[in-house]
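Engineer: Sequence and predicted structure, then a few things I'm wondering about:
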Amino acid sequence: MSRYRMQRLGFALLTLISLVVVAPILAVIGIILVEGMGAISWEFITAMPFDGMKQGGIFPALVGTLLLTLGTAVVAIPIGVGGTIYLAEYARDTLVTRCIRLAIVNLAGIPSIVYGLFGLGMFVLFLRMGTSILAGALTLAIMTLPVIISTAEESLRSVPTEFRTVSASLGGTRWQGIRYIILPQALPGIITGIILGLLRAAGETAPILFTVAAFFLPRLPQSPFDPTMALPYHLYVISTQVPGMPIHIQHGTALVLLALVLSMNLFATIIRSYFRRRRQW
Amino acid sequence: MEKIRVEHLDFYYGNYRALSDVSIAIEEREITALIGPSGCGKSTFLRCLNRMNDTIRGTRVNGKVLLDGQDIYHRNTKVVELRKRVGMVFQRPNPFPQSIFSNVAFGPRVLGLMNRRDLASIVEESLRGAALWDEVKDRLNEDALSLALGQQQRLCIARTIAVKPEVILMDEPCSALDPIATLQIEELMQSLKTKYTIVIVTHNMQQAARVSDFTGFFWMGKLVEADVTDSVFTRPQKKLTEDYITGRAG
């Protein structure tokens, strides 16, 4: 075989492999879209479920997921971004900072169900928060931290050192350099990291299983100490725990969850590409 | 008037001695050029004058650097204050990726000046001082990186003089520029020296001869010779200096 044909064969093979990567995503979205579209209506989004969740809507689960994501953001963003600024800009390479980095890496590798059990033991039981949005958001926040920290640190480090030097040479303090020069440059990367982290939090089931999620609770939570329904857990429940569940409701619920997560993802991509075009060094 | 006096300065990167026993006096409102081959320590020396080497870990300084008679390495020296008095222009033009206005306003802003009108007048004054005002006055809000390289370097000079320093350190400020932009910077230096003390590191000996009043020649971490520029280039006292400026060494 000539080397040109060899090359063409190679390209064809690689193209095929790439398509294999895309196929499952398209299939998942396609199937859920086709099967679930029929369930989507204004009522489905805004009504309480009834008749053993076989009728009505998913309103409390949707609100619960949004509240949980919001709570996660409130806890995880300041800790994540603050910790990252310390690690990337201030911390020297000492035993302590090495331990912190090691902890972050390991935090990222812990299975989500373990987070769930930790949340149950720590927040629900030991700190007596009960099964509540607070406990769930704290659990999700811990799980989100490594994602935020690793992406944010990456984008802080990608800002050229030169800018820090120049800022210092102009009489700026270390913090002023970070605040006015480094952070604005790193912000798109940091925001992307935050959104990706929250995205994961919004879609997780295991961490909220024992800490916040209610099986069936057709009312909105009144305080952070209330439990709530949440979309991923609701989906799990109606797919496995309720006999005779109409299949289009299952797919409709999945579609809403998917739309929520994908739109956040799209938003992150837009922010990233918008700022990347403006960056010119 | 003597602006800076360096006495027996040694500088170490870890165990490597980059400067040994450097003593020199730098006159106020003159241009002092530091020449020498790459790696001779001239940039390291320059960065000692505003303590920019402090940011590099494992460095160590012996000796004294007196600015108006005060040792800048004394433990009571506020480094941030020092750098306000001793500004710096770098080798590669390095404006912040922000507007032209914000670049010049950065220094005054970090020093606490927030009033928009005061800022605008400082920005104008500084850009005029850097001979850039006429070229950018209608596009102050445009991205600084849209300027040509020579303009970017003059912007960096404007940014430096906006904090009203007493001394300006220039680390090979023309090495990334074409001959015309280089000439503009050299002309600018002549007008700047009426107000500022300038120390320039250059590996271009013609440039040193053209622009400077006083020249120091560094060789392997030592200051071999320092004298009025004319003397250094026409009647060097040391054989090494003569070999270097005539191209036989280095």
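Structural biologist: Good, I have the coordinates.
Engineer: Is chain A within reach of the helix or strand harbouring B:R154?
Structural biologist: Per DSSP states H and E: B:R154 is located in helix B:149-161. Yes. Where contact is defined by Cβ under 8 Å from any Cβ of the partner chain, part of helix B:149-161 touches chain A, namely B:R159, B:T160. In this view, the C-beta of every residue, glycine as well, is placed from N, C-alpha and C.
Engineer: Could you name the helices and strands sitting against that helix?
Structural biologist: For helix B:149-161, the contact count by 3 or more Cβ pairs under 8 Å, 6 or more residues apart in numbering or on different chains; DSSP states H and E identifies strand B:86-89, helix B:100-110, helix B:116-129, helix B:133-136, strand B:167-171, helix B:179-192 as packing neighbours.
Engineer: can you pull the contacts of the residue of chain A found nearest chain B?
Structural biologist: Closest to chain B within chain A is A:G171: 3.6 Å, counting by Cβ to the nearest Cβ. Contact partners of A:G171, counting by Cβ atoms under 8 Å, 6 or more residues apart in numbering or on different chains, are B:V80, B:E81, B:R83, B:K84, B:G107, B:V110, B:L111, B:V163.
Engineer: Switch the residues you listed over to JSON lines; also include pLDDT.
Structural biologist: Putting those into JSON lines (pLDDT from 0 to 100) gives the following:
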{"residue": "B:V80", "pLDDT": "90"}
{"residue": "B:E81", "pLDDT": "92"}
{"residue": "B:R83", "pLDDT": "94"}
{"residue": "B:K84", "pLDDT": "93"}
{"residue": "B:G107", "pLDDT": "94"}
{"residue": "B:V110", "pLDDT": "91"}
{"residue": "B:L111", "pLDDT": "89"}
{"residue": "B:V163", "pLDDT": "94"}
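Engineer: ok, which of these also contact chain A?
Structural biologist: B:V80, B:E81, B:R83, B:K84, B:G107, B:V110, B:L111, B:V163.
Engineer: wouldn't the last one be in contact with B:G87 here?
Structural biologist: What that stands for is B:V163. Yes. Between B:V163 and B:G87 a contact is recorded at 6.3 Å, counting by Cβ atoms under 8 Å.
Engineer: shared neighbours, the two?
Structural biologist: Taking Cβ under 8 Å, 6+ apart as the criterion, B:V163 and B:G87 both touch A:L170.
Engineer: Return the residues of chain B in contact with chain A.
Structural biologist: Applying Cβ under 8 Å from any Cβ, one finds that chain B approaches chain A through B:50, B:52, B:55, B:57, B:80-81, B:83-84, B:87-88, B:90, B:92, B:94, B:96-98, B:106-107, B:109-111, B:143, B:145, B:159-160, B:163.
Engineer: Can I have the buried ones of the residues you listed as a ChimeraX selection?
Structural biologist: Only the buried entries of the residues of chain B next to chain A go into this ChimeraX selection, using 16 or more other Cβ atoms under 10 Å in any protein chain shown:
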select /B:50,52,80,83,84,87,88,90,94,96,97,98,106,107,109,110,111,143,145,159,160,163
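Engineer: that older thread, isn't there a helix covering the residue of chain A closest to chain B?
Structural biologist: No. Under DSSP: H, G, I helix; E, B strand; the rest coil, A:G171 sits outside any helix and is assigned coil.
Engineer: Make JSON lines out of the helices and strands packed on helix B:149-161 and add distance to A:V242.
Structural biologist: Compiled in JSON lines, the helices and strands packed on helix B:149-161 are given as follows (distance: least, Cβ to Cβ, whole Å):
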{"stretch": "strand B:86-89", "distance to A:V242": "70"}
{"stretch": "helix B:100-110", "distance to A:V242": "59"}
{"stretch": "helix B:116-129", "distance to A:V242": "63"}
{"stretch": "helix B:133-136", "distance to A:V242": "69"}
{"stretch": "strand B:167-171", "distance to A:V242": "72"}
{"stretch": "helix B:179-192", "distance to A:V242": "75"}
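Engineer: pLDDT below threshold where in the chain?
Structural biologist: Defaulting to chain A. Filtered on pLDDT under 70, chain A yields the residue ranges A:276-281.
Engineer: nope, chain B
Structural biologist: When residues are selected by pLDDT under 70, those of chain B lie in B:250.
Engineer: most centrally placed residue in it?
Structural biologist: Computing the C-alpha centroid of chain B and ranking residues by Cα atoms, centre = their mean puts B:L169 first, at 1.6 Å.
Engineer: quick one: it and B:N50, what's the gap?
Structural biologist: 6 Å (Cβ to Cβ, to the nearest Å).
Engineer: who touches both of those two?
Structural biologist: Common neighbours of B:L169 and B:N50, using Cβ under 8 Å, 6+ apart, are B:V86, B:G87, B:M88.
Engineer: from the residues you listed, which is closest to chain A?
Structural biologist: Set against chain A, the nearest of the shared contacts of B:L169 and B:N50 by Cβ to the nearest Cβ is B:M88 (4.2 Å).
Engineer: how about the closest one, what does it touch?
Structural biologist: If a contact means Cβ under 8 Å, 6+ apart, then B:M88 has A:S169, B:N50, B:M52, B:T160, B:I168, B:L169, B:M170, B:D171 as its contacts.
Engineer: neighbours around residue 141, how many?
Structural biologist: You didn't pick a chain, so chain A it is. A count of nearby residues for A:A141, using other Cβ atoms under 10 Å in any protein chain shown, gives 25.
Engineer: wrong one, chain B
Structural biologist: Here the neighbour count serves as a burial measure; for B:N141 (other Cβ under 10 Å) it reads 10.
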